[in-house]
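S.K.: Provide a 3D model corresponding to the input given below.
(chains A and B)
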Amino acid sequence: MATQQSRQLGRLAVAPSVVALFLWMIVPLAMTIWFSLLRYNLLDPNYACSLLTPGQLFDEANRCFAGTSNYYYFLTDPAFFKAMANSLILVGWVLLISVVGGTLLALLLDQAIMGRNIVRLMVIAPFFVMPTVSALVWKNMMMHPVQGFLAWITKSLGLGAIDWFAHYPMTAIVIMVAWQWLPFATLILLTALQSFDEEQKEAAQMDGTPPLSFFWYMIVPHLARPVTVVVLIETIFLLNVFAEIYVSGSGGRAGNLPFLVYQYGLISNDIGGASAGGLIAVVLANIVAFFLMRMIGKNLEG
Amino acid sequence: MGTISLKNVRKSFGDATIIPNANLEIGNGEFIVFVGPSGCGKSTLLRLIAGLEDLTSGVIEIDGRDVTAAAPSERGLAMVFQSYALYPHMSVRNNIAFGLKMAGVPKAEIDEKVAKAAATLNLTEYLDRKPRQLSGGQRQRVAIGRAIVRQPKAFLFDEPLSNLDAALRVNMRVFIMQLHKDLGSTMIYVTHDQVEAMTMADRIVVLNRGNIEQVGSPLELYNNPDSLFVAGFIGSPKMNFVTGAEAGRHKAHTIGIRPEHIEIASGAGAWTGRIALAEHLGADSFLHVDTPAAGRLVVRAPGDFRGKDGDGISLKPDLNRLHRFDEQGKVIR
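M.R.: Have a look, this model is predicted:
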């Protein structure tokens, strides 16, 4: 693989995908950066700023070019801090629930129980439900204060019904999203458990390891790497949760950063502000990723 | 103390019976080797003793106490696994100490025992490394260290050398024998390698399809094999077997003669033939000789033997060392 010719051939062979990927990433990013610097509102009667014909732009330069003011307004918007806090709360709780719950479920599913395959399939199922569908089901069938299943349970226990989305919108969103992501964590952790070395298990048995110690000293370190994978992947997706919040109508109090960007762009029609917000969200996500990698990235080595 | 006795031990997995009926008495301080081809049940037998498998029926006693239903950790045994089964995320120190920690031994005592074991095993400078940073031989020693610190009644070894290269295997073999001498504990060692069995064992237990074929000291098995199977399994190169008319002349169904008990006759011998090929090992040469009377025979010749392939040769078996077997493969004495 090291001859001059094979190297050249290799470069040539990967060139199309490299070019496609580059354009795929760079074009939207460049456009977003460009929009974020404009005073670009869809309701602006002067449409010059939304058209990118250079001539008109230069003519209208003083009026269209916003400099950093879009960033300034986004970052000083009280809604921004609220949205950022909501993003972190959502990610944190769902990670906690899916990792802890996923570990326990995986341990359970690793046992030789009756109808294990059916149970496994059912546990995995929520992952295949579309977020919008799951949100509708949770909102109208599970958490509805009048006809919801949870309300029925609390009422039959003599307690009042809870109007989840009115009183605890964040909790409701966390429950919905955790329900969707628990199967993912379970699946990854279950496969990791199944790869646990049988002789190691027997060595621990010979050492007289009680079950709780076995879990703590053997299973937990063994799961460190898959848990890291789960945390990293889920974080990426959880920072982008939108459908559940939008469909359940909880954006006002439980809205996260993507929802705020949506509000800027499609409710206020402020494309410039939305672009700035989107870029800020990207930077924040990278900061989160950086700290995550520093904290748990070492688990992926060796 | 460390006596182990198996009484009518039987093990089946579903319909498949792995061990039909095993009886064995192991004395204190003995080095016992279970040997046999793969699938003969030797590892299963070891795991039954360890308590990693449940018996279908029968009784296992350790020091006279019935441990048939006891958990592995209650039997006072330690096991060294084929894959070493070290805990990958723990340092060598913690690997060795783990069993003691689980047994609730005080910290100071654990440190002392670990230090002592590490010194015995030349592991002192590796104590803070992880298993993946060690070579195969070092990992093997850690696995042994993990067994030693618990001061077990008996050590169980499950093909411990099969993952090492040839040179290291010889070293570790000597090391384990020395360890047995120093500790004086009972050891049960499973291998498929008859050379390991011959060199290490006080007594060898030869297993074939789950049955104990013969139990005895290495030389007993070498000199007086009870069956065709044992005769063929012990000794390298394998014993020559001859059937048919030639065996009939000795009033047996099959006769067996080891390569080292056939002499190259200068004059006329019992068998004549041609050298088909020769393996020269330096000290010895193994000649594969085609004879019309007895078929292909392997003969051990001195290293300086100068015969070429295709040469005619005449052979003289040592009739005192001839083994005779009946139709069932049992020896005729």
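
S.K.: Can you show me the helices along chain B?
M.R.: Using DSSP state H, the helices found in chain B span residues B:42-50, B:92-102, B:107-120, B:136-148, B:166-183, B:194-200, B:218-223, B:228-233, B:245-248.

S.K.: And for the stretch 1-150 of chain A?
M.R.: With helices called from DSSP state H, counting those that start in this stretch, the stretch 1-150 of chain A shows them at A:4-36, A:54-59, A:61-64, A:69-76, A:78-109, A:116-124, A:131-137, A:149-156.

S.K.: Could you give me the buried positions within the fourth one?
M.R.: Neighbour counts over helix A:69-76 (16 or more other Cβ atoms under 10 Å in any protein chain shown) mark A:70-71, A:73-74 as buried. Glycine gets a C-beta too; all of them are placed from N, C-alpha and C.

S.K.: Run a quick check on B:Leu183 versus B:Ile148, I expect a contact.
M.R.: Yes - assessed by Cβ atoms under 8 Å, B:Leu183 is found in contact with B:Ile148 at 7.4 Å.

S.K.: and residue 263, how many neighbours?
M.R.: I went with chain A, as the question did not name one. 19 (other Cβ atoms under 10 Å in any protein chain shown).

S.K.: wrong one, I was asking about chain B
M.R.: Residues lying near B:Glu263 (other Cβ under 10 Å) number 16.

S.K.: Can you check the pLDDT for it?
M.R.: Per-residue pLDDT puts B:Glu263 at 88.

S.K.: what's the answer for the one 4 residues further on, then?
M.R.: According to the predicted model, the pLDDT of B:Gly267 comes to 77.

S.K.: Let me know the distance separating it from chain A.
M.R.: 59 Å (Cβ to the nearest Cβ, to the nearest Å).

S.K.: hmm, back to that, would you convert the helices of chain B into a markdown table that also reports distance to A:Ile173?
M.R.: Listed next are the helices of chain B as a markdown table, based on distance: least, Cβ to Cβ, whole Å:
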| stretch | distance to A:Ile173 |
| --- | --- |
| helix B:42-50 | 52 |
| helix B:92-102 | 43 |
| helix B:107-120 | 48 |
| helix B:136-148 | 49 |
| helix B:166-183 | 60 |
| helix B:194-200 | 65 |
| helix B:218-223 | 74 |
| helix B:228-233 | 70 |
| helix B:245-248 | 87 |
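
S.K.: Smallest distance to chain B belongs to which residue of chain A?
M.R.: Among the residues of chain A, A:Gly208 lies nearest to chain B; the distance is 2.8 Å by Cβ to the nearest Cβ.

S.K.: My read is that that residue contacts B:Ala103, right?
M.R.: Yes - counting by Cβ under 8 Å, B:Ala103 is a contact partner of A:Gly208 at 6.2 Å.

S.K.: who's more crowded, those two?
M.R.: The residue with more neighbours, out of A:Gly208 and B:Ala103, is A:Gly208; 19 against 12, by other Cβ under 10 Å.

S.K.: Identify the spatial nearest neighbour of the more buried one, chain neighbours not counted.
M.R.: Computed as Cβ to Cβ, 6 or more residues apart in numbering or on different chains, the closest residue to A:Gly208 that is not its neighbour in sequence is B:Ser73, at 2.8 Å.

S.K.: what about the one you found, how many residues close to it?
M.R.: 19.

S.K.: ok, now B:Ala252?
M.R.: Using other Cβ under 10 Å, B:Ala252 has 20 other residues around it.

S.K.: Next one: the closest residue to it other than its chain neighbours from chain A, what distance?
M.R.: Sequence neighbours aside, B:Arg324 is the residue nearest to B:Ala252 in space, at 3.6 Å (criterion: Cβ to Cβ, 6+ apart). Using Cβ to the nearest Cβ, B:Arg324 is found at 44 Å from chain A.

S.K.: Hmm, B:Arg249 and B:Arg324 touching each other?
M.R.: No - using Cβ under 8 Å, B:Arg324 is not in contact with B:Arg249; the gap is 10.8 Å.

S.K.: Can you tell me which residues in the stretch 101-250 of chain A are near chain B?
M.R.: On the criterion Cβ under 8 Å from any Cβ of the partner chain, chain B has as its neighbours in the stretch 101-250 of chain A the residues A:197, A:199-200, A:202-210, A:213, A:217-218, A:221-222, A:224.

S.K.: More neighbours: B:Leu183 and B:Ile148, which one.
M.R.: Using other Cβ under 10 Å, the more surrounded residue of B:Leu183 and B:Ile148 is B:Ile148, with 24 against 15.

S.K.: mind listing what the more buried one touches?
M.R.: Contact analysis of B:Ile148 by Cβ atoms under 8 Å, 6 or more residues apart in numbering or on different chains lists B:78, B:117, B:120-121, B:179, B:183.

S.K.: List the residues that contact the residue of chain B found nearest chain A.
M.R.: At 2.8 Å from chain A, B:Ser73 is the closest residue in chain B, using Cβ to the nearest Cβ. Shown in contact with B:Ser73 (Cβ under 8 Å, 6+ apart): A:205-209, B:102.

S.K.: Retrieve the pLDDT associated with B:Asn95.
M.R.: 93.

S.K.: okay, now residue 197: neighbour count?
M.R.: No chain in the question, so chain A it is. Here the count is done by other Cβ under 10 Å, and A:Asp197 has 16 residues near it.

S.K.: Hmm, no, I was thinking of chain B.
M.R.: Counted with other Cβ under 10 Å, B:Ala197 comes out at 25.

S.K.: hang on, it packs against B:Arg203?
M.R.: No - B:Ala197 is beyond contact range of B:Arg203, at 10.0 Å (criterion: Cβ under 8 Å).

S.K.: A:Trp216 - that's part of a strand, no?
M.R.: No - counting by DSSP: H, G, I helix; E, B strand; the rest coil, A:Trp216 is not part of a strand but helix.

S.K.: Tell me which helix or strand in chain A has the weakest average pLDDT.
M.R.: Across the helices and strands of chain A, mean confidence by mean pLDDT, DSSP states H and E is lowest for helix A:54-59: a mean of 57.

S.K.: picking that back up, and for B:Ala197 and B:Arg203, which residues touch both?
M.R.: If you check B:Ala197 and B:Arg203 against Cβ under 8 Å, 6+ apart, the residues they both contact are B:Val33.

S.K.: ok, for B:Val33, nearest residue in space, not its chain neighbours?
M.R.: The shortest distance from B:Val33 to any non-neighbouring residue, by Cβ to Cβ, 6+ apart, is to B:Ala201 (3.8 Å).

S.K.: confidence score at that neighbour?
M.R.: pLDDT for B:Ala201: 93.

S.K.: got the contact list for it?
M.R.: Per Cβ under 8 Å, 6+ apart, neighbours of B:Ala201: B:31-33, B:189, B:217-218.

S.K.: Out of the contacts of B:Ile148, just show me the ones up against chain A, please.
M.R.: Subset of the contacts of B:Ile148 in contact with chain A: B:Ala78, counting by Cβ under 8 Å from any Cβ.

S.K.: for the contacts of B:Ile148, which one is nearest B:Ala97?
M.R.: Taking Cβ to Cβ as the measure, B:Ala97 sits nearest to B:Ala117 out of the contacts of B:Ile148, at 9.5 Å.

S.K.: how many other residues sit next to that closest one?
M.R.: Using other Cβ under 10 Å, the number of residues around B:Ala117 comes to 22.

S.K.: and what of B:Ala108?
M.R.: Look at B:Ala108: counted by other Cβ under 10 Å, it has 8 neighbours.

S.K.: Next one: it from B:Leu127, what distance?
M.R.: 16 Å (Cβ to Cβ, to the nearest Å).

S.K.: and what of B:Thr44?
M.R.: 35 Å.

S.K.: Any idea how many residues pack against A:Val27?
M.R.: Using other Cβ under 10 Å, A:Val27 is surrounded by 10 other residues.
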